[in-house]
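In: got a sequence here, can you model it:
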Amino acid sequence: MFEKFSNKSMAVNSEKFDTIIGRTTTIQGTLVLLDSVRIDGRVVGNVESAPDCKIAVAIGPTGEVTGDIKAHRVMVAGKVFGHIHAADRVEFQKDSLVQGDVSYGSIAVEHGAKLSGLILQNKTMEDSATGAQAAIQTAQSVKNPT
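Out: Residues are numbered from 1 along each chain as shown. A predicted model of the protein is given here:
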């Protein structure tokens, strides 16, 4: 169930970032993404993508976001002061710091990551359908005991 981490980073090397915010750059305002972004500088404002876009947001070791992040995939090596909603996956590297709630499809946390807030797994349609089917079967068995 738990996989042992080696010295390799969790960041996927095949990830393509069309936009890079450099270490010395500060952006104030909401970033509305159409492509994946790597943030090595500072963003004061929300970072968001459309729900149907499979966009990744990576916060590099020197990166800092003060605002909410909403994307398909979120990888954090730096700091986030705000809520994170990752529709698919969220990853926290060893020196990351997050102060805010996190919702995710799947999660990876390296030893040493600092998370302060609620950590909630997203409900999928399949989970809801399975839960509903189980509730129906339970109700039917109570109604018609065999």
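In: going forward, measure contacts and count neighbours with C-alpha atoms only.
Out: Noted.
In: can you tell me the SS state at P61?
Out: The local conformation at P61, judged by DSSP: H, G, I helix; E, B strand; the rest coil, is coil.
In: list the residues that contact the closest residue to it other than its chain neighbours.
Out: Leaving aside its sequence neighbours, P61 sits nearest to G78 (CA to CA, 6 or more residues apart in numbering; 4.2 Å). Listed by CA atoms under 8 Å, 6 or more residues apart in numbering, the contact partners of G78 are 59-64, 95-97.
In: let's see that with 10 Å instead.
Out: Residues counted as contacts of G78 (CA atoms under 10 Å, 6 or more residues apart in numbering) are 39-41, 58-65, 92-98, 113.
In: go ahead and build a ChimeraX selection from the buried members of these.
Out: Per 16 or more other CA atoms under 10 Å, the buried members of the contacts of G78 correspond to this ChimeraX selection:
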select :39,40,41,58,59,60,61,62,63,64,65,92,93,94,96,97,98,113
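In: in strands, which of the contacts of G78 fall?
Out: Secondary structure from DSSP state E places 39, 58-59, 64-65, 92, 97-98 of these in strands.
In: contacts only, for K70.
Out: K70 touches 32-33, 46-51, 55-57, 83-87, 103, counting by CA under 10 Å, 6+ apart.
In: then H111?
Out: H111 sits next to 5, 92-95 when contact means CA under 10 Å, 6+ apart.
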